[in-house]
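Peer 1: okay, here's the prediction I keep looking at, along with the sequence it came from:
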Amino acid sequence: MKVKLLYTTGNKDIIEEIWDKPEPANNEIEVQSIITGICSSDVAMYNGTFTTLPKVIQGHECVGRVTKLGADAGKGIKVGDYVATRGEPGFADYYNTPVGNFVRVPTPDPKYILEPVACGINIAKCIMEGDLNKSIAIIGTGFLARVIYEYLSYNGYKDFTVYGSGFKDYWSSAKGVEYYPNKAHHLDTHKRRTGFDYFIDLTSKPHYMQSGYVNTNGTYVVGAEKVVEHLDFSKFLWENITIKCPSPRTDDFIESMSDAAMLVKAHKIKVDDMWGECYHRDNAKEAFENRTNGKELLRNYITWAK
């Protein structure tokens, strides 16, 4: 099946070509793209600051309509259903994705672009160890931070300290949150407590790993890519601090996507105001440019409607 495919070479370009999409394998479904979110990693790839992936696996925040089923893929899904997928290539008119890489959603609404919501849930799950009174620091106030907070709050956690400059009105009124509306690197100026039981670092700044923000027996969560040089692990060793690096590549990530679908539908996680402008696929380069130059501050997405 010949379809249109968009991709970047990492030179601030968006190239369109005709791709000969294979038929879905026995364990796959075919999806007609309806909307595709543009991830920060997609923007970094466009700008040449992230590894340029092969063109047939670019784009991964997808919502579409099921158009074909592989021989072994029909359980719980049918042609015409809407699905959110975590698979690639989401920057194509049609693509295949295997069982275990998608969840059914009610409508093709941007709030059901579930892969980034599931990333936040996946991060939150890695600190859920039973004690709801543990202190939690979240460094960052954007999309992931809000999902993490709402998921942990839904599960009973109630002691949050949040640092960052985005969504100030939201964080100022968030229940159980001590909010510091500063840039995250000003964390050192706040002496409310010596450390936290859980420290979720959503920045690319390396110095948080080199500082004593985590209590003994606590957990430091690496929530974004960072390069840390000359790190002394003595504190982590002697104070029994765990470092966790949650990733959507984990085998049970699809469970986080299922949780995301359920909680978004139930309005327990609210993402409607966290999606920005919609761009038609023919104007995809504008969408990437507006993220690059700061004109679009929220996550934006592409529609494939004619």
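Peer 2: Yes, it's here.

Peer 1: what pLDDT is listed against the residue nearest in space to the middle of the chain?
Peer 2: For the chain, Pro116 is the residue whose C-alpha lies nearest the centre (C-alpha atoms, centre = their mean; 2.6 Å). If you check Pro116, the pLDDT there is 94.

Peer 1: now do it against Asp109, distance only.
Peer 2: 14 Å (C-beta to C-beta, to the nearest Å). C-beta: built from backbone N, CA, C; applies to glycine.

Peer 1: again, but for Phe143
Peer 2: Phe143 is 16 Å from Asp109, by C-beta to C-beta.

Peer 1: of the two, which one has the most company?
Peer 2: Counted by other C-beta atoms under 10 Å, Phe143 and Asp109 do not tie: Phe143 has more neighbours, with 21 against 15.

Peer 1: in which helix or strand would I find Gly87?
Peer 2: Assigned by DSSP states H and E, Gly87 falls within no helix or strand.

Peer 1: thought it was touching Gly64?
Peer 2: No: between Gly87 and Gly64 there is no contact under C-beta atoms under 8 Å: 10.5 Å.

Peer 1: how about low-confidence regions in the stretch 101-250 of the chain?
Peer 2: Counting by pLDDT under 70, the stretch 101-250 of the chain shows low-confidence ranges at 183-194.

Peer 1: tell me the helices in it, going along the chain?
Peer 2: 114-125, 143-154, 168-172, 234-238 (DSSP state H, counting those that start in this stretch).

Peer 1: what about dumping the CA coordinates of the last one to CSV?
Peer 2: Right, helix 234-238. Taking C-alpha atoms only, helix 234-238 is exported to CSV below (Å, rounded to 0.1, in the frame of the first residue of the first chain):
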residue,chain,number,x,y,z
SER,A,234,29.4,7.7,47.4
LYS,A,235,26.3,9.5,48.8
PHE,A,236,23.9,7.2,46.7
LEU,A,237,25.8,4.1,48.1
TRP,A,238,26.1,5.0,51.7
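
Peer 1: so the residue nearest to the centre of the chain versus Pro246, what's the distance?
Peer 2: Pro116 is 13 Å from Pro246, by C-beta to C-beta.

Peer 1: follow-up on the earlier one: which neighbours do Gly87 and Gly64 share?
Peer 2: Here Gly87 and Gly64 share the contacting residues Tyr95, scored by C-beta atoms under 8 Å, 6 or more residues apart in numbering.

Peer 1: looking at the two, which is more packed in?
Peer 2: Counting neighbours by other C-beta under 10 Å for Gly87 and for Gly64 shows that Gly64 has the greater number, 27 against 20.

Peer 1: tell me what Ile302 is bridged to.
Peer 2: On the basis of DSSP bridges, Ile302 is bridged to Thr36, Tyr279.

Peer 1: what's the burial count for it?
Peer 2: 25.

Peer 1: repeat for the one 3 residues further on
Peer 2: Using other C-beta under 10 Å as the criterion, Ala305 is surrounded by 10 other residues.

Peer 1: could you check how far it is from Phe167?
Peer 2: The value you get for Ala305 to Phe167, if C-beta to C-beta is used, is 29 Å.

Peer 1: same question for Tyr279.
Peer 2: 22 Å.

Peer 1: returning to what we had before: and the residue nearest to the centre of the chain, what is it in contact with?
Peer 2: When contacts are counted by C-beta under 8 Å, 6+ apart, Pro116 is found next to 37, 39, 61, 143-144, 147, 299.

Peer 1: ok, 10 Å please
Peer 2: Applying C-beta atoms under 10 Å, 6 or more residues apart in numbering, we find Pro116 in contact with 37, 39-40, 60-61, 86, 143-144, 147, 248, 260, 271, 274-275, 299.
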